[in-house]
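Undergrad: Sequence first, predicted coordinates after that:
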Protein chains: 2
Amino acid sequence: MKTDTVFKRAFNDAIDLMSRLEDGEPLPSENTLSIRLGVSRTTVRKVIASLKASGVISGAGRERNVHPASEAMHRFPQDETVPMAAQVEERFMEWLLRDNARPGTAINELDLARKFGVATTGIREFLNRFQRFGLIEKRPNAGWVFKGFTTSFALELFEIREMFELRSARALAALPDSSQHWRQLEALRQEHLALLAEIETRYHDFSDLDSRFHRLISTAAPNRFIDSFYDIITVIFHYHYQWNKHDERQRNEVAIREHLTYFEALFSRNISMVELACRAHLSSARDTLLRSTSGQ
Amino acid sequence: MKTDTVFKRAFNDAIDLMSRLEDGEPLPSENTLSIRLGVSRTTVRKVIASLKASGVISGAGRERNVHPASEAMHRFPQDETVPMAAQVEERFMEWLLRDNARPGTAINELDLARKFGVATTGIREFLNRFQRFGLIEKRPNAGWVFKGFTTSFALELFEIREMFELRSARALAALPDSSQHWRQLEALRQEHLALLAEIETRYHDFSDLDSRFHRLISTAAPNRFIDSFYDIITVIFHYHYQWNKHDERQRNEVAIREHLTYFEALFSRNISMVELACRAHLSSARDTLLRSTSGQ
DNA sequence: AAATTGTTTTTTATCGATTAAAAGTCATCT
DNA sequence: AGATGACTTTTAATCGATAAAAAACAATTT
C-alpha cells in the first residue's frame, strides 16, 4: 500500500511553520498552507486534524488559532518522511559502494528487495531509472549486472562532461553584460571566497557549492539532455564524496582555487582563458575520481 | 503472471530451424538449441515437448529425430511473441503521435493501463525508462506530463547529436589504415550504392541503414553515454519515419547522397572535409525533423 | 570424464489489490 | 468572492502473489 510519508513530512514542516507564528494568531487558510507545505488540501486537512489533536491548533471552522509548538513536540522520525523510492536509492548506493563493488557482480532483485525490506517492484523501478547512470546493465529475463565503478566509467563520464561544460562555458562567456547570469556568478564567487576563508571547518560544504556552480554554467544555454546528464554527475559525486573522505579538505581547497580561476576567466570573457580554466579544473576533478575507481 | 512470449518466439524460431534440417536427422543437443534460439535450456525443453506433440520431433531421450515441418505448420501469431514491456512502448508512441500530441497533456498511468490492457506497474516501468528521452516529466504523486514533440526538443536533440557525432567522426578519421572499421565502412558504402540503385522500390530500407551507419561511426571511440544517446536517436527516428511518410522517398535519396559524401570525406582522412560533410548531413536531418514538430 | 538429459530451486515479469494523496463537487458561511 | 466542511472520485505508490524462464543440481550415457 502507499506509505504516508507525504503526510508525515508535511506534519513536521507544519510544526516548524506554526512555531514561527505568534500564540493565538489565526491559522492561515487551507489553500495557503497547501502551497506553503507543497501538498494537496486533502493532506493539509489531515495535518490540521493531527495538530488539533496535539493542541497546536485550537478551535474549528473559520475560527482556528495557532499555539506555540513546544520544542519537544512529537515529530515523525526523518526516515518515515522519505518515500520508499528515495530510500531504495540511498540503500542501493551504499550497498554498491560498501559491500559488493566488484565489476560483474550480479544484481538480484529478490535479494535486494529482502535486504531493503521492500517489494520487488520497488527495486525494479529503481533499477530501471538507475540504468541511465551507466553503472548497471540489464540481461532480459535474467537480472542485472553491475558493470563496475571502473576507470573506463570515469573516463567516459568525464569525456562527456568536458564536452558539455566547454560548450556551456563558451555560451556563458558570450552572454551580454546585462544578463542575470553575471550577478548570480558574482554571488557564487563571494560564497567561494567565504568558504575558502573558513576552509578548515567548513570544507564539507564545497560539494553543494560545486554542484551549484556547474549547474549555473549550464543554464547559460539550456538543454534538457545536458541537464539530465548533470543529475548523473551530481549523484555520482554525492556518493563519491560520502564514500571517499581521503584528503577531503585539501582536495576541496584545491577545487575552490580552480573555481576562482575559472570565475576570473569567465568574467574576462576571453574564450581561450575560459577553455583553459575549464579543462584544468575538470581534469583535476577527473583525476580525483580516477583514484577511487577499481581499474580497467 | 509472466507471459510466455519467450517460449512462443522460441517455438516459431525452432520450426524455422527444423525445416532447414533433413528428414530423420537427429535433433541437435538441448544446449546447442539453447544457444541457437537464445533461450535457456528450460525453455528449449518446453519447445521440444510442444514440437513432439506436433509431430515435428519424434523419439525420446538421446534418440530424438527431426521431421519436415510442413509450411502450414501452426505458429504463434507475431504479437504473442513480443513481451508486454515492448508492446507498451509501441502503443505508447503511437498514442503520443496519433492522438494526443499536445504539449502539456497529462499522462495518466491508470488510463493508459486500461487502454493498453496491461497492469499499471507495466506502464510505470515504461514511463520510468522513457523519461530519459526528454519527452515526459514526472510530477511526484501526480502523474506525468508530456512536454511535447516541440521545436526546442528537436534543437536540443540535434545539438547533442552534432557534438557526439563530430567527436566520433574525428576519432574514426584518425584510425590507422589497419583498423577493421575501414572494411566495415566500405561494406556499408556498398550497401548504400546498392540501395541507391533501387531507390524507387526499396526506399524504406534506408532507416535501418542510417542507424547502422551512425552507430558504426560511434564505435570508433566507444563511450557508454554516447551509445545510450544513440538509442534515443534511433527510437525517435524509428517512430518519426513511421509517422511522417511525407516525401519519404525523396528525403531518403537525399540522405543517401549525403552519406556518400560523408563516406568520401572519412576515407580521405581530411578532418575539415569530415566536419563539413557531417555538419551538412546532420543539419539536413534536423530540418526534416523540425518540419514535423509542433512549434515552440 | 565430458556431454547430455532429467529434476528441483531461484528469480524475473506481470497481475491485481489496497491505501494515501490529489483532485473535484457543491452547499454553506462570512 | 473566497474559505470551509463534508464528501466523492480518481490516481499514484506500494505490496504480495503467481506463472514463466533461468539457473543450479543430480543422474545418466557415451
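TA: Perfect, thanks for sending it.
Undergrad: now the helices: where do they sit in chain A?
TA: All helices of chain A, identified by DSSP state H, fall at A:5-19, A:30-37, A:41-53, A:84-98, A:109-116, A:120-130, A:151-173, A:180-197, A:199-202, A:206-218, A:224-243, A:248-268, A:271-291.
Undergrad: Using a markdown table, please lay out these together with mean neighbour count.
TA: Heads up, the C-betas are built off the backbone N, CA and C, glycines and all. Formatted as a markdown table, the helices of chain A follow (neighbours: other C-beta atoms under 10 Å in any protein chain shown):
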| stretch | mean neighbour count |
| --- | --- |
| helix A:5-19 | 19 |
| helix A:30-37 | 15 |
| helix A:41-53 | 16 |
| helix A:84-98 | 16 |
| helix A:109-116 | 15 |
| helix A:120-130 | 19 |
| helix A:151-173 | 19 |
| helix A:180-197 | 14 |
| helix A:199-202 | 12 |
| helix A:206-218 | 19 |
| helix A:224-243 | 17 |
| helix A:248-268 | 17 |
| helix A:271-291 | 16 |
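Undergrad: how near is the residue nearest to A:Gly59 when sequence neighbours are not counted to A:Val39?
TA: Spatially, and ignoring its direct neighbours in sequence, A:Gly59 is nearest to A:Asn65 (5.4 Å; C-beta to C-beta, 6 or more residues apart in numbering or on different chains). With distances taken as C-beta to C-beta, to the nearest Å, A:Asn65 is found 22 Å from A:Val39.
Undergrad: my read: A:Leu157 touches A:Val235, true?
TA: No. Judged on C-beta atoms under 8 Å, A:Leu157 makes no contact with A:Val235 at a distance of 11.4 Å.
Undergrad: what residues does the stretch 1-150 of chain A put near DNA strand C?
TA: A:1-8, A:39-43, A:46, A:62, A:107-111, A:120-121, A:124, A:140-144 (C-beta under 7 Å from any atom of the strand).
Undergrad: if I pick A:Asn244, what's in contact with it?
TA: Contacts for A:Asn244 were tallied using C-beta atoms under 8 Å, 6 or more residues apart in numbering or on different chains; they are A:Ser292.
Undergrad: One more: A:Asn252?
TA: Applying C-beta under 8 Å, 6+ apart, the residues near A:Asn252 are A:199, A:203, A:206-207.
Undergrad: and the residue lying closest to A:His181 once chain neighbours are set aside, how far is that from chain B?
TA: Nearest residue to A:His181, sequence neighbours excluded (C-beta to C-beta, 6+ apart): A:Leu175, at 5.6 Å. A:Leu175 sits 17 Å away from chain B, going by C-beta to the nearest C-beta, to the nearest Å.
Undergrad: just to revisit the earlier point, including distance to DNA strand D and mean pLDDT, could the helices of chain A go into a markdown table?
TA: Output for the helices of chain A, formatted as a markdown table (distance: least, C-beta to the nearest atom of the strand, whole Å; pLDDT from 0 to 100):
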| stretch | distance to DNA strand D | mean pLDDT |
| --- | --- | --- |
| helix A:5-19 | 6 | 94 |
| helix A:30-37 | 4 | 94 |
| helix A:41-53 | 6 | 94 |
| helix A:84-98 | 3 | 92 |
| helix A:109-116 | 8 | 96 |
| helix A:120-130 | 4 | 96 |
| helix A:151-173 | 23 | 97 |
| helix A:180-197 | 32 | 97 |
| helix A:199-202 | 34 | 93 |
| helix A:206-218 | 24 | 95 |
| helix A:224-243 | 18 | 91 |
| helix A:248-268 | 33 | 96 |
| helix A:271-291 | 30 | 96 |
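Undergrad: will you turn these into CSV that also has distance to B:Ser292?
TA: What follows is the helices of chain A, written out as CSV (distance: least, C-beta to C-beta, whole Å):
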stretch, distance to B:Ser292
helix A:5-19, 40
helix A:30-37, 39
helix A:41-53, 41
helix A:84-98, 35
helix A:109-116, 39
helix A:120-130, 29
helix A:151-173, 26
helix A:180-197, 33
helix A:199-202, 52
helix A:206-218, 28
helix A:224-243, 19
helix A:248-268, 38
helix A:271-291, 36
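Undergrad: returning to that earlier point: pLDDT wise, what is the residue nearest to A:Gly59 at?
TA: What the model reports for A:Asn65 is a pLDDT of 90.
Undergrad: you'd agree it is up against A:Leu21?
TA: No. Using C-beta under 8 Å, A:Asn65 makes no contact with A:Leu21, being 9.4 Å away.
Undergrad: How about the contacts made by A:Glu137?
TA: A:Glu137 touches A:131, A:144-145, A:147, counting by C-beta under 8 Å, 6+ apart.
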